[in-house]
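In: Next input, structure requested:
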Amino acid sequence: MIPSHEALARLREGNRRFASSVGASTALPSHDRIRELAAGQEPFAIILGCADSRVPAEIVFDQGLGDLFVIRVAGNIVAPSQVGSVEFAAERFGTRLVVVLGHSQCGAITATLEELKRPQENQSPNLRAIVDRIRPSVEPLLSSHFAGDLDALVEEGVRANIRTSVEHLRHGSPMLEKLVKENGLRVVGAEYSLETGVVEFLPDEPSPR
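Out: The predicted structure is shown next:
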């Protein structure tokens with residue numbers, strides 16, 4: 001079992017390689033590695049990321065086959081299926097680091113802000129389910145000093161949404177909450193910059209409970 005601090009260091013170093021264009025993510029796994037993984041997996045980190053095609057976690061962290069347990073959904077939202085997926089990996093594989101990975105210019109955040117400003121009458125109920133998950137994070141921003149600047153709203157909304165997802169994972173699952181308190185599980189937020197390729201990890205001080 002790889003402790004959370006070591007897992008985080010691996011991700012930081014991998015992103016440094018990627019952002020510096022010196023990564024090895026284009027290398028294909030050997031047949032021996034493929035056969036080895038067929039017998040089981042031991043991912044060292046769980047990534048709950050956005051489904052955006054520009055933010056594939058294995059590539060931006062320069063990791064290989066079997067290294068990361070990746071869950072991707074528009075807006076990196078936390079719904080029951082995402083919580084269950086994190087629970088599965090944390091319990092089954094002993095993975096001790098969870099990263100909620102958002103990114104700049106997130107389309108799901110923009111769409112939510114647009115919906116809050118100009119509600120659509122015939123929006124797909126499936127799309128609305130995503131918007132409704134993001135809404136509590138970004139709605140307060142519409143009455144803040146960011147309200148007149150869409151770019152600033154999206155930027156702040158991305159981080160607010162990441163923090164909300166982190167808190168949901170920390171405190172919305174008895175299993176994960178116990179693993180955090182007793183078994184060294186760590187849940188952190190991070191933002192990927194589409195412009196630079198750099199991942200910035202957000203402060204991960206848990207809120208008082």
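In: nearest residue to Gln123 other than its sequence neighbours?
Out: Glu115 (7.1 Å; Cβ to Cβ, 6 or more residues apart in numbering). In this view, the C-beta of every residue, glycine as well, is placed from N, C-alpha and C.
In: What's the local residue count around that neighbour?
Out: Glu115 has 17 neighbours, counted by other Cβ atoms under 10 Å.
In: I'd say it and Val131 touch.
Out: Yes - contact criterion Cβ atoms under 8 Å: Glu115 and Val131 qualify, at 5.2 Å.
In: shared neighbours of the two, anything?
Out: Counting by Cβ atoms under 8 Å, 6 or more residues apart in numbering, the common neighbours of Glu115 and Val131 are Gln123.
In: which stretches of this protein have low pLDDT?
Out: 22-27, 205-209 (pLDDT under 70).
In: got the residue ranges for the helices in it?
Out: 4-19, 31-38, 57-60, 80-93, 107-117, 125-138, 150-171, 174-182 (DSSP state H).
In: any chance of the ones you listed in JSON lines, with distance to Ile46 too?
Out: As requested, the helices of the chain are arranged in JSON lines below (distance: least, Cβ to Cβ, whole Å):
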{"stretch": "helix 4-19", "distance to Ile46": "9"}
{"stretch": "helix 31-38", "distance to Ile46": "17"}
{"stretch": "helix 57-60", "distance to Ile46": "10"}
{"stretch": "helix 80-93", "distance to Ile46": "5"}
{"stretch": "helix 107-117", "distance to Ile46": "20"}
{"stretch": "helix 125-138", "distance to Ile46": "19"}
{"stretch": "helix 150-171", "distance to Ile46": "9"}
{"stretch": "helix 174-182", "distance to Ile46": "10"}
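In: And the ones you listed: which comes nearest Leu101?
Out: helix 57-60 (6.2 Å; Cβ to Cβ).
In: outside of that closest one, which residues touch it?
Out: 15, 18, 23, 25, 47, 49, 63-64, 67-68, 70, 72, 101, 192, 197, 199.
In: Can you give me the buried ones in that helix?
Out: For helix 57-60, a neighbour-count test (16 or more other Cβ atoms under 10 Å) marks Ala57, Glu58, Val60 as buried.
In: can you tell me which residues contact Ala71?
Out: For residue 71 the amino acid is Ile, not Ala. Ile71 touches Ile46, Ile47, Leu48, Gly49, Gln82, Ser85, Val86, counting by Cβ under 8 Å, 6+ apart.
In: how about TSV for the residues you listed, with neighbour count and distance to His168 added?
Out: What follows is the contacts of Ile71, written out as TSV (neighbours: other Cβ atoms under 10 Å; distance: Cβ to Cβ, whole Å):
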residue	neighbour count	distance to His168
Ile46	27	14
Ile47	27	16
Leu48	28	10
Gly49	22	15
Gln82	20	9
Ser85	16	13
Val86	26	10
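In: from those, which single one is nearest Cys106?
Out: The closest of those, once distances to Cys106 are taken by Cβ to Cβ, is Gly49, at 10.8 Å.
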